[in-house]
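Colleague: Sequence plus predicted model, see below.
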Amino acid sequence: MRASRIGAGEAIAGLGGLALFVSLFLPWYGTDALDGLDVGVTGDLNAWESFALLDVVLLLVAVVAVGLTLVALAESTPDLPRPPGRITMGVGALALVAILMRLVLPPEVDLGLGIEADLQPRIGSFAGLVAAAAIAYGGWRATEEPEADGPGG
């Protein structure tokens, strides 16, 4: 495996996939309404605590982005229905739109007794947004890069 084998687009998408994975553990949403209250709920929620399905989708997007970069590093060409760059671009765009939607329409949190808290985006949601954009851009750029013709390029 040689790092020179992959293009800039694949590298960007792979790093975006790693960043998206890390962002899932950062605070995505939070509320200041719970400060000073002993209600047994923390003020910040990561992606795993915030979503029922989107967290799993984002994990799969991260795995696809990193996986296709590793495929390029291994210099193997799997039999895929579309070029790897297009697949990466598509899943990155899907993640980007999904995260944008959740920034506009944050999840609701029910504290019980009919009390709901307004959630504000935290650093994880913005890190995830940037990571998804990097995956989509890296995939697009990979489709635009000429393929290397072996060890000499």
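Modeller: Okay, I see it.

Colleague: Please count neighbours and contacts with C-alpha atoms only from this point.
Modeller: OK.

Colleague: what ranges do the strands span in the protein?
Modeller: For the chain, applying DSSP state E gives strands covering 27-30, 44-46, 109-112, 115-117, 120-121.

Colleague: packing partners for the second one?
Modeller: Where contact means 3 or more Cα pairs under 8 Å, 6 or more residues apart in numbering; DSSP states H and E, strand 44-46 is packed against strand 27-30.

Colleague: Please identify the buried residues of the strand it packs on?
Modeller: Neighbour counts over strand 27-30 (16 or more other Cα atoms under 10 Å) mark 27-30 as buried.

Colleague: Show me what that strand is packed up against.
Modeller: Judged by 3+ Cα pairs under 8 Å, 6+ apart, strand 27-30 is in contact with strand 44-46, helix 47-50, strand 120-121, helix 123-144.

Colleague: Return the helix or strand in the chain with minimum mean pLDDT.
Modeller: Least confident helix or strand, the chain: strand 109-112 with a mean of 66, by mean pLDDT, DSSP states H and E.

Colleague: so how far is Gly138 from Val66?
Modeller: 11 Å (Cα to Cα, to the nearest Å).

Colleague: Also Ile12?
Modeller: Applying Cα to Cα, the value for Ile12 to Gly138 is 5 Å.

Colleague: And for the nearest residue in space to Ala131 that is not next to it in sequence, the neighbour number?
Modeller: The shortest distance from Ala131 to any non-neighbouring residue, by Cα to Cα, 6 or more residues apart in numbering, is to Gly16 (4.5 Å). Residues within reach of Gly16, counting by other Cα atoms under 10 Å, total 29.

Colleague: so who does Gly67 touch?
Modeller: Gly14 (Cα atoms under 8 Å, 6 or more residues apart in numbering).

Colleague: pLDDT value on it, please?
Modeller: On pLDDT, Gly67 comes in at 90.

Colleague: Tell me who's in contact with the residue nearest the centre of the chain.
Modeller: Closest residue to the average C-alpha location of the chain: Leu20 at 3.5 Å, with Cα atoms, centre = their mean. By Cα under 8 Å, 6+ apart, the residues touching Leu20 are 58-59, 62, 127-128, 131-132.
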